[in-house]
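Q: Following is a predicted model, sequence given first.
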Amino acid sequence: MSTWSRCISCPDARVAIPDGRDYNPLMEPSFDHMTPAERVLYVQELWDRIAAEPDGVPLSEAQRLELRRRVDEHRADPGSAVPWEQVLARARAR
């Protein structure tokens, strides 16, 4: 079960906090002492932790509808999908 908390830096956002975990919304990481590369690594680590628990990240109704639209679009025309290798190759060529 989750409880809801408000984010200090974005008061209109509600964040689901799993019960039993310590959470202090006033403790924001300070990136001032980090290099840009260290900041990227920090954010990647944070994202990996979030992605490890996908059921803990609630979707808005708009996000749910967009995902459904994309799945339906793909099912209607699977041949329109571009393989990941092609996407990556194009990005690297830029």
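A: Sure thing, it's come through.
Q: Show me where the chain has its strands.
A: 2-6, 14-18 (DSSP state E).
Q: which of these has the lowest average pLDDT?
A: Note on these: strand 2-6 shows the lowest mean pLDDT, a mean of 47.
Q: in this structure, what spans have low per-residue confidence?
A: Along the chain, segments meeting pLDDT under 70 span 1-29.
Q: Kindly recompute the last result at 90.
A: 1-43, 45-51, 53-59 (pLDDT under 90).
Q: just the helices in it please.
A: Using DSSP state H, the helices of the chain run over residues 36-51, 61-76, 84-93.
Q: Turn the ones you listed into TSV, including distance to Ser30 and mean neighbour count.
A: The way it works is simple: take the backbone N, C-alpha and C, and place the C-beta from them, glycine included. Listed next are those as TSV, based on distance: least, CB to CB, whole Å; neighbours: other CB atoms under 10 Å:
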stretch	distance to Ser30	mean neighbour count
helix 36-51	11	10
helix 61-76	30	10
helix 84-93	32	9
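Q: Show residues contacting stretch 40-52.
A: By CB atoms under 8 Å, 6 or more residues apart in numbering, the residues outside stretch 40-52 that reach it are 29, 31, 34, 56-57.
Q: Serialize those to TSV and add fields for neighbour count and distance to Tyr42.
A: Listed next are the contacts of stretch 40-52 as TSV, based on neighbours: other CB atoms under 10 Å; distance: CB to CB, whole Å:
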residue	neighbour count	distance to Tyr42
Pro29	10	7
Phe31	12	7
Met34	13	7
Gly56	11	20
Val57	11	19
